[in-house]
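# build me a model:
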Amino acid sequence: MKKQLENLLSNLFGIFIIVAICIGAVAALMFAVGFIAGEPAGANMALLGKKILDYGIKIAAVGVLCGLINFYTCGEHELTLKNTDQE
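Prediction:
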């Protein structure tokens, strides 16, 4: 059961972070195109990009929460100092 929960949380973390990164890329592209487009269309694109980016930040926060829960349920994480090469 613990291993299944760990796999589920790890997969959710990955999915949420990938979605948040894609949303950030779309927002960055909208800002760049809006900057090139000029005043009326560019301002509207920037405002729409801000709204999209707000959702991306919320999705990333949920992903980080899944990752933190995964760290504490499995008992170790990547930053743990261990000597695995004992001779």
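
# from what I see, A60 and I18 are in contact.
No - the criterion here is Cβ atoms under 8 Å, and A60 misses it with I18 at 10.2 Å. Yep, even glycine has a C-beta here, placed from its N, CA and C like the rest.

# show me which of the two is the more surrounded one.
A60 (17 against 12; other Cβ atoms under 10 Å).

# which SSE is the more buried one in?
Under the criterion DSSP states H and E, the helix or strand holding A60 is helix 39-74.

# and that helix, what does it pack onto?
Contact here means 3 or more Cβ pairs under 8 Å, 6 or more residues apart in numbering; DSSP states H and E; on that basis helix 39-74 packs against helix 2-37.

# got the buried residues for the helix it packs on?
Of the residues in helix 2-37, 6, 9, 12-13, 16-17, 19-20, 23-24, 27, 30-31, 34 count as buried by neighbour count, 16 or more other Cβ atoms under 10 Å.

# ok, now stretch 51-70?
For stretch 51-70, the buried set under the neighbour-count rule, 16+ other Cβ under 10 Å, comprises L53, G56, I59, A60, G63, C66, G67, N70.

# so what touches that stretch?
Identification of contacts with stretch 51-70 by Cβ atoms under 8 Å, 6 or more residues apart in numbering yields 6, 9-10, 12-17, 19-20, 23-24, 26-27, 30.

# now do the same contact list for the residue nearest the centre of the chain.
Centre of the chain computed as the mean C-alpha position; nearest residue by Cα atoms, centre = their mean is I17, 2.7 Å away. If you count contacts by Cβ under 8 Å, 6+ apart, I17 has them with A60, G63, V64, G67.
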